[in-house]
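# model the structure of this input:
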Amino acid sequence: MTKRTKLNKVQILQQYKSTISLTLLLLALCSYKPLGIQKIKINTVVIDAGHGGHDVGSTYGGAKEKDVTLQIALKLGKALEEQIPGIKVVFTRDTDVFIELHERAGIANRMNADLFISVHCNANKKLEVFGTETYSMGLNKTEGNLNVAKRENSVILLEKDYEEQYEGFDPNSPEANIYFSFLQNAFLEQSLNLASKVETQFTLINRNSRGVKQAPFMVLWRSKMPSILIETGFISNKAERAFLTSETGQQEIAAAIAKAVDGYKRQVEKSK
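Coordinates of the predicted model:
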């Protein structure tokens with residue numbers, strides 16, 4: 001009887017120790033936050049002008065996406081520097097050159113950027129479709145979102161050794177979408193916050209906002225900071241194409257995005 005009681009006490013002690021260890025582990029996991037989330041200053045913004053070089057992007061009515069995105073990106077950089085004193089702006093490209101998708105995020109990571117903004121133009125076979133969309137990396141698999149992602153991701157076919165660089169990424173594979181989106185999940189809330197601010201600013205300049213969305217964009221999945229991809233309008237729509245290619249239109253788009261970044265920066269830096 002005494003022996004059995006003694007054994008029970010040993011077992012109880014072991015179980016107690018196991019419970020304490022498990023509790024401490026869970027507490028550690030719950031309190032863990034990636035280093036990027038703990039940042040309270042927005043000092044460096046990387047601006048990515050979509051496409052470039054032999055990758056022209058979408059082309060309609062003589063307008064090339066790569067040219068429009070570069071002009072908007074350059075104007076955005078200038079607007080940020082004017083609106084936010086001391087901000088550091090880095091471009092993935094500031095000329096008409098081809099930059100691989102993984103390298104665009106690589107530039108942001110090496111610069112320890114606080115935000116990554118990729119600028120694009122949308123396109124649709126239905127030429128009457130128009131409006132802006134801002135994306136974060138995510139698992140939303142609606143057909144429209146995936147079609148946009150597939151079009152933007154198709155550029156990897158122009159890259160050397162793309163199968164190795166992107167680890168066999170297949171936009172049609174649910175497993176691949178889950179894996180690659182997981183890397184941006186740590187920054188999902190911040191990315192959606194910034195995306196929402198961008199779309200809000202677009203509505204203030206009377207743009208037709210099609211909302212904040214999520215899709216598996218290759219240019220976003222390796223970035224180690226809040227990241228968004230902005231479809232500034234449909235280059236396939238005649239009226240919107242005229243706006244996107246105009247100096248006035250590009251200035252208005254850049255100014256709207258800069259105001260969104262400024263608002264996001266103020267919010268983040270005031271929060272504890």
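
# would you mark the buried spots in the helix or strand hosting I107?
I107 belongs to helix 101-110 when assigned by DSSP states H and E. Neighbour-count burial for helix 101-110 flags L101, H102, E103, R104, A105, I107, A108 (criterion: 16 or more other Cβ atoms under 10 Å). For the C-beta atoms, the positions are set from N, CA and C on the backbone; glycine is no exception.

# packing partners of that helix?
strand 44-49, strand 115-122, helix 218-221 (3 or more Cβ pairs under 8 Å, 6 or more residues apart in numbering; DSSP states H and E).

# which residues in the protein form helices?
2-31, 65-83, 101-110, 143-153, 162-165, 174-182, 188-204, 218-221, 238-245, 247-270 (DSSP state H).

# quick revisit: tell me the angle the helix holding I107 makes with strand 115-122.
150 degrees (axes from the mean of the first three to the mean of the last three Cα atoms, to 10 degrees).

# in JSON lines, list the buried residues of helix 101-110 along with distance to N124 and pLDDT.
Output for these, formatted as JSON lines (distance: Cβ to Cβ, whole Å; pLDDT from 0 to 100):
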{"residue": "L101", "distance to N124": "22", "pLDDT": "83"}
{"residue": "H102", "distance to N124": "27", "pLDDT": "83"}
{"residue": "E103", "distance to N124": "28", "pLDDT": "89"}
{"residue": "R104", "distance to N124": "24", "pLDDT": "92"}
{"residue": "A105", "distance to N124": "26", "pLDDT": "89"}
{"residue": "I107", "distance to N124": "30", "pLDDT": "95"}
{"residue": "A108", "distance to N124": "29", "pLDDT": "94"}
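
# make JSON lines out of these and add distance to S271.
Below are the buried residues of helix 101-110 laid out as JSON lines (distance: Cβ to Cβ, whole Å):
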{"residue": "L101", "distance to S271": "32"}
{"residue": "H102", "distance to S271": "32"}
{"residue": "E103", "distance to S271": "32"}
{"residue": "R104", "distance to S271": "28"}
{"residue": "A105", "distance to S271": "26"}
{"residue": "I107", "distance to S271": "27"}
{"residue": "A108", "distance to S271": "22"}
